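[1] Sequence and predicted structure are below.
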Amino acid sequence: MVLTMLLLAAVPAAWAQQWLPAASMTVPREQHAATALALSDDAVLVLGGYTGFGYSDDSEIYDVINDVWAPSGRLTVSRSDSTATLLPDGSVLAAGGWNVNHGDRWSPLNDTWAVTSSYAVPLWGGETATLLPNGWVLVAGGDKDASAQVYMATAGVWAATSPMNVARLNHAATLLPSGAVLVTGGQGSTGASASAEVYDHATVTWTLVASMKVARDSHTATLLADGARVLVVCGEGTDGAALASAELYDIATDTWTTTGSLASARLFHTATLLANGQVLVAGGRDGGKFLASVELYDPASGQWLWAEPMVSARVGHTATILSSGLVLIAGGYDGANVVDTCQLFRVTLRL
């Protein structure tokens, strides 16, 4: 592969950034789901999404080392805006999406998808899925709903759990070091919310915690490398406009603090924790403006650093971190077309 070195004056001298070209997917897709696989150090499973002509029921696997995409098994139903969760046994759970009443589970043994039992509570899209320490998957909210349910992977069944205190759509969920799940913001019946709450799987309870400083939905929430803070970035505000603000949640003190704002307001972007502790924020849109821009959050300074933009604008794309430290950016909508293009991003220590 040909490497394009990005020499950025704004980036601390110890680190260099690189964009690596990557092979395109077998089909264009946006609002798909992606997860790194356990069967390889550098393999990503991508499933479903919208192709520009209809919703997809196919999946494919990217082999990073050989830079090739290969068709994988077909889902039992077309899915868009769903979730993908790697389970402890190496299988993958696809859940949620528009108007689907069951999950699908991919087996790495025979590369096939099989129907799970029906959901305990209907899902319509905009929900979150979080792998819990006990191997279950917590699926919460969606369609401005407060319901929550768990997928018990060993038994292969769904069960309702305690509902959230607040109905949420397009919220964010973050697994904390304690094993609890922090849920932030989202859209409810009255618009974007600033509320936050924590799910304790041991007691099966939701507890409201301090509210964010800014109401937002369609944002991202990332646990920082220190394990003590969660970074919440951008999203849509109460007026329907994209936000450029970011804030930090201190887990121990249950407090929110405003941190540096981004150069570009955005929603439906991706945020990925990098191996050096920085957070890569890529793409999204600001109203009718679709973004190719990329920004890096430096936790040490609380500031955002400029980075070389992607080759095209993207919204509805995925960003998947691999064990090698590479981040695979795949697909999305560029403002005119659904795209099949992909890129790899990494930071490396300068010698």
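    That came in fine, so what should we check first? Numbering: from 1, shown residues only.
[2] what about stretch 300-311, distance to the chain center?
    Relative to the centre of its chain, stretch 300-311 is centred 19 Å away, using Cα atoms, centre = their mean, to the nearest Å.
[3] My error: substitute stretch 309-319 in the last question.
    On Cα atoms, centre = their mean, the centre of stretch 309-319 falls 13 Å from the chain's centre.
[4] Any chance you could list what contacts that stretch?
    19, 30-34, 46, 49-50, 268-272, 280, 282-285, 290-294, 327-335, 339, 341, 343 (Cβ atoms under 8 Å, 6 or more residues apart in numbering). Bear in mind the C-beta positions are built from the backbone N, C-alpha and C, glycine included.
[5] ok, now stretch 21-32?
    So stretch 21-32 is in contact with 1-2, 4, 46-52, 56, 58, 60, 62, 64, 67-69, 71, 80-81, 315-318, 328, 330-333, 337-344, going by Cβ under 8 Å, 6+ apart.
[6] one more time with 6 Å, if that's ok
    1, 46, 48-52, 60, 67-69, 80-81, 316, 331-333, 338-344 (Cβ atoms under 6 Å, 6 or more residues apart in numbering).
[7] I'd like the average pLDDT over it.
    The average pLDDT within stretch 21-32 is 97.
[8] Name the residues of it that are buried.
    22, 23, 25, 27, 28, 29, 30, 31, 32 (16 or more other Cβ atoms under 10 Å).
[9] Start and end of it, how far apart?
    For stretch 21-32, the first and last residues are 21 Å from each other (Cα to Cα, to the nearest Å).
[10] Repeat that for stretch 15-32.
    Note: stretch 15-32 ends 31 Å apart using Cα to Cα.
[11] which regions of this protein sit below the pLDDT cut-off?
    Within the chain, the ranges that satisfy pLDDT under 70 run 1-13, 39-41, 350-351.
[12] switch the cut-off to 90
    Within the chain, the segments meeting pLDDT under 90 span 1-18, 38-42, 97-100, 122-125, 142-144, 189-190, 323-324, 347-351.
[13] Now the residue nearest in space to the middle of it: closest residue in space that isn't a chain neighbour?
    By Cα atoms, centre = their mean, the mean C-alpha position of the chain lies nearest to residue 270, the distance being 6.2 Å. Using Cβ to Cβ, 6 or more residues apart in numbering and skipping residues adjacent in sequence, the residue nearest residue 270 is residue 319, 3.7 Å away.
[14] Dig out what the one you found forms beta bridges with.
    residue 329 (DSSP bridges).
[15] just to revisit the earlier point, do I have it right that the residue nearest to the centre of the chain meets residue 282?
    Yes: counting by Cβ atoms under 6 Å, residue 270 touches residue 282, with 5.2 Å between them.
[16] if we can go back for a sec, do you know how far the residue nearest to the centre of the chain is from residue 102?
    27 Å (Cβ to Cβ, to the nearest Å).
[17] now do residue 65
    Following Cβ to Cβ, the distance that separates residue 65 from residue 102 is 34 Å.
[18] The two: who's more crowded?
    residue 102 (16 against 10; other Cβ atoms under 10 Å).
[19] Surely the more buried one touches residue 118?
    Yes: if you go by Cβ under 6 Å, residue 102 and residue 118 touch, sitting 5.0 Å apart.
[20] how many other residues sit next to residue 246?
    Using other Cβ under 10 Å, residue 246 has 25 neighbouring residues.
[21] and it, what is it in contact with?
    233, 259.
[22] From residue 142, how far out is it?
    On the measure of Cβ to Cβ, residue 246 and residue 142 end up 25 Å apart.
[23] how much space is there between residue 139 and residue 297?
    28 Å.
[24] Direction included, what does the lengthiest strand in the chain pair up with?
    Secondary structure assigned by DSSP state E gives strand 112-123 as the longest strand of the chain. Sheet pairing of strand 112-123 (DSSP bridges) gives strand 100-107 (antiparallel).
[25] Not counting the strand it pairs with itself, show me its contacts.
    75-77, 91-95, 113-116, 118.
[26] and which of those is nearest to residue 191?
    residue 95 (26.0 Å; Cβ to Cβ).
[27] I'd say residue 266 and residue 284 touch.
    Yes: between residue 266 and residue 284 there is a contact under Cβ under 6 Å: 3.5 Å.
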